[in-house]
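Enquirer: What follows is a predicted structure for the sequence shown.
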Amino acid sequence: MGDAGLSEAEKTFILHSVQDDFREDGRGNEDFRHMELETSLISNTNGSARVRLANTDVLVGVKVQLTPVDPERPEVGRLEFFIDCSANATPAFEGRGGEELGSEISAMLTRAYAFPGAVDFHSLCVLPGQQCWLLYVDVLLLECGGNLFDAVSIAVKAALFNLKIPNVTMTKDEGGVELDLSDDPFDFKRLDVSGAPIIITVNKIGHYHVVDASEKEEECSLARLMLGVTEKGTITAMRKEGSGSLDPNSISDMMEVNTRFLCLPGI
Amino acid sequence: MPLDTRRLTGPESSQSPYNFAPVNKLDLTQLDKRPDGRSIKKLRPLFLRTNVVSQARGSSYIEMNETKVICAVYGPREVLRREDFSLKGQLTCDFKFTTFSCRQRRQYQQDSQEKDLSVLVLEALEPAVCLHKYPKSQINIFITVLQHDGSALSAAITCASVALASAGIEMYDLVVASSAAICGSVTLIDPTAQEEDALLKATVKPDNNAGSVTVAFLPSLSQVSAISSDGELSFEILNKSMQECVANCQKLYPVLEHTLVKHQQELEAGRS
Amino acid sequence: MAAPMPVCIPGRKLCKESDTHLPGTGTYTRNGFIYSSLVGTIRETTDESNVKTISVIGKENNSIIPYIDAIVVARVTNVNPRFCKCEILSVGKHHLQDAFRGMIRKEDVRALDRDRIEMHKCFRPGDIIIARVMSLGDAQSYLLTTAENELGVVSALSESGK
């Protein structure tokens, strides 16, 4: 991340703008950019959403599928994340270029959603011990303008909110249980996403903490802290990224900045 | 490793017998009595030694009771792929659980968890290595977990930093890592696999804290080089357990120091 | 055996940096102090003007890589009319565990009469040469030169292989 190719002078300019709490685009250090959120865009998916954060554009589609349960956890359904870094976003993603970033984002999402309260995993189980729903959450990066992790997580939560899972009727016959999927497009259930986390990234630029960094600002920051936070104020995943190291106290400060954005998860 | 078709492979779908065995449940209400008899604040004893792989430039082995990790460092050597070229030195890391290291058998191929752990180890070590001293070259770190009984990530980070130092790679500081598992208001230091597992599968009430945190620390610069957490935790508890992990890293530092001093003395003795 | 030398590890604070104490190899400075960056023994060298240089000596055959102005020993692998390629086998007195790729361009072979150089008359694959590193070169190889009296081919086989 952060490949804008800035000169030293440009970096100093950004450093100073952060110092004065007045960034390039007129924001303060703790302001988000204008966000556009749309849902139900793609008819072939069970749920979809698109988030646009200034130059960052992310599209998410969720498709559901019935599958045998995981023998280790037979009572719950599963979520699977896949990030497609399309070469449309930046030529650097061509071929296998985006693979690393993609797996990083999906690892972070998987971790943030890996606690029991994220979504109602039990309601995703159709027949305990046998069949459950597997939700394929596919993310497409259309444009990269900084702060990808946050934008992706918001889009994922919105798409899960938008998700329509068809109702299943079960009939018992001599061979076992037969599952019948409802054809009626209005016969569906929703998923409760009130516990689902979103990711907030705090960048350390100089001695200051900045949220929703643009691509240029990301290049100036040596270390950032990413947190998965829920509406309740709990932290579901934490990760430091970047080549720099941090003072333990500054981590606490950054976490505090993070939790100040808890009003955001209530989409 | 590519799939060997001549190898006798098991049936396509098979299950571990452990899935049918009664679960060895940890009593989450009585966490102050840990199965191995430790108190909740106590670390496991740490055994460390260097020079375990004779061909590598530097290597080390770490043992925390049943968690055993071996690490080898090669390089600095030339970057072969043209696309990977950079004027700054590069660090690569390959983290692998052996197939027999866990309760469930693991695959040969690196799975997504192992890839994730590789990235975390790299992030923990990068701030500590003077990469600008190695232009155009790369340093390869290979980590193999021989036996996994909890806190494998922190063991791997500590082990890799000792291996790098013993390889004579210039570093700003050593890296020590430590982890903790959190259940409710109790923080278990240096959890075993059984404790980690119990927390992962525990059906805790919402609003309850359950999760784990790993911190990598640069002791003499007193900076945190990596931090990662799992599970649902409140801000206060996470902050508190992070501080505890930092304190534990400082406790482990003398062990690393002693190992490396001994390493150097052996080297001198061999020379004279 | 002499008394054991004090051993230090990376991150150990050694002393304050000042006009009389300078950082040497195996050390770095931060906030006005000299720190060790290697596992090794501390060495203090004093020059005539009483300036001490603090350095840390790690294991021999330290993790060395070719650097600018280093004298290297290399083996020629490939010769063409414009340049020849070689693999760098050792840097200074230190043998390299893994060879690095190097390249000598036609105009860097000798200092005089550069226009009349014919590469295949200067080098043949298999020759052992001594050269100086000119620059870190490109993504592929280091740039070497043999345009000095002491530099050039030091060991080679005749055309018949004897």
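Expert: All right, it came through fine.
Enquirer: buried sites along stretch A:217-226?
Expert: Neighbour-count burial for stretch A:217-226, counted by 16 or more other CB atoms under 10 Å in any protein chain shown, picks out A:217-221, A:223-226. Just so you know, the C-beta spots here come from the backbone N, C-alpha and C atoms, and that holds for glycine as well.
Enquirer: how much space is there between the residue nearest to the spatial centre of chain A and A:V62?
Expert: Most central in chain A under CA atoms, centre = their mean is A:S153, positioned 1.7 Å from the mean C-alpha point. Using CB to CB, to the nearest Å, we find A:S153 at a distance of 14 Å from A:V62.
Enquirer: quick one on the thing from earlier: adding secondary structure and distance to A:G47, write the buried residues of stretch A:217-226 out as TSV.
Expert: Shown next, in TSV, are these (DSSP: H, G, I helix; E, B strand; the rest coil; distance: CB to CB, whole Å):
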residue	secondary structure	distance to A:G47
A:E217	helix	32
A:E218	helix	29
A:E219	helix	34
A:C220	helix	36
A:S221	coil	33
A:A223	strand	35
A:R224	strand	29
A:L225	strand	30
A:M226	strand	24
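Enquirer: Kindly identify which of those also come near chain B.
Expert: For chain B, the contacts drawn from the buried residues of stretch A:217-226 by CB under 8 Å from any CB of the partner chain are A:L225.
Enquirer: And for the residue of the stretch 101-250 of chain A found nearest chain C, the neighbour number?
Expert: Of all residues in the stretch 101-250 of chain A, the one sitting closest to chain C is A:S245 (12.0 Å; CB to the nearest CB). By other CB atoms under 10 Å in any protein chain shown, the residues close to A:S245 number 25.
Enquirer: Repeat that for the one 10 residues further on.
Expert: Neighbourhood size, A:M255 [other CB under 10 Å]: 23.
Enquirer: could you check whether whichever strand or helix holds it is close to chain B?
Expert: Secondary structure assignment for A:M255, by DSSP states H and E: helix A:248-259. Yes: Helix A:248-259 reaches chain B (CB under 8 Å from any CB) through A:248, A:251-252, A:255-256, A:259.
Enquirer: returning to what we had before: so the residue of the stretch 101-250 of chain A closest to chain C is in contact with A:A223, correct?
Expert: Yes: with contacts counted by CB atoms under 8 Å, A:S245 reaches A:A223, the gap being 6.7 Å.
Enquirer: Look through chain B and tell me its longest helix.
Expert: Selection of the longest helix in chain B by residue count, based on DSSP state H, yields helix B:235-271.
Enquirer: How many neighbouring residues does the residue of chain C found nearest chain A have?
Expert: Going by CB to the nearest CB, chain A is nearest to C:G11 of chain C, at 12.0 Å. Neighbours of C:G11 under the rule other CB under 10 Å: 23.
Enquirer: With the one 10 residues further on instead?
Expert: Here the count is done by other CB under 10 Å, and C:H21 has 17 residues near it.
Enquirer: just C:I34 next, same as before
Expert: When neighbours are counted by other CB under 10 Å, C:I34 registers 24.
Enquirer: quick one: contacts for it?
Expert: Contact analysis of C:I34 by CB atoms under 8 Å, 6 or more residues apart in numbering or on different chains lists C:13-17, C:21, C:23, C:27-28, C:54.
Enquirer: thinking again about what came up before, right, is the longest helix of chain B up against chain A?
Expert: Yes: residues of helix B:235-271 are located near chain A by CB under 8 Å from any CB, namely B:235, B:238-239, B:242-243, B:246.
Enquirer: Quick one: distance of that helix to the chain centre.
Expert: 13 Å (CA atoms, centre = their mean, to the nearest Å).
Enquirer: Now that helix: average pLDDT?
Expert: In this model, helix B:235-271 carries a mean pLDDT of 90.
Enquirer: does chain C sit close to the helix or strand that contains B:C71?
Expert: Using DSSP H and E, B:C71 maps to strand B:67-78. Yes: counting by CB under 8 Å from any CB, chain C is contacted by strand B:67-78 at B:75-78.
Enquirer: Can you name every helix or strand that that strand contacts?
Expert: strand B:58-64, strand B:137-147, helix B:152-166, strand C:94-105 (3 or more CB pairs under 8 Å, 6 or more residues apart in numbering or on different chains; DSSP states H and E).
Enquirer: by how many degrees do the first one and strand B:67-78 diverge?
Expert: Direction vectors for strand B:58-64 and strand B:67-78, defined by axes from the mean of the first three to the mean of the last three CA atoms, to 10 degrees, enclose an angle of 160 degrees.
Enquirer: got the CA coordinates for strand B:58-64 in CSV?
Expert: These are the backbone C-alpha positions of strand B:58-64, laid out as CSV (Å, rounded to 0.1, in the frame of the first residue of the first chain):
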residue,chain,number,x,y,z
GLY,B,58,22.0,-18.6,11.7
SER,B,59,19.5,-20.8,13.5
SER,B,60,17.8,-21.3,16.8
TYR,B,61,15.4,-23.7,18.6
ILE,B,62,12.9,-22.7,21.2
GLU,B,63,11.0,-24.9,23.6
MET,B,64,8.2,-23.8,25.9
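Enquirer: Output the contacting helices and strands for the helix or strand where C:K85 lies.
Expert: Per DSSP H and E, C:K85 falls inside strand C:83-91. If you count contacts as 3+ CB pairs under 8 Å, 6+ apart, strand C:83-91 packs onto strand C:71-79, strand C:94-105, helix C:119-122, strand C:142-145.
Enquirer: give me that answer again for 6 Å
Expert: Counting contacts by 3 or more CB pairs under 6 Å, 6 or more residues apart in numbering or on different chains; DSSP states H and E, strand C:83-91 packs against strand C:71-79, strand C:94-105.
Enquirer: now for the shortest one, which elements pack on it?
Expert: Contacting strand C:71-79 under the criterion 3+ CB pairs under 6 Å, 6+ apart are the following elements: strand C:83-91, strand C:128-135.
Enquirer: Show me which residues of it are buried.
Expert: For strand C:71-79, a neighbour-count test (16+ other CB under 10 Å) marks C:71-77, C:79 as buried.
Enquirer: again, but for stretch C:104-119
Expert: In stretch C:104-119, counting by 16+ other CB under 10 Å, buried: C:104-106, C:108-110, C:119.
Enquirer: What of stretch C:18-37?
Expert: C:21-28, C:34-37.
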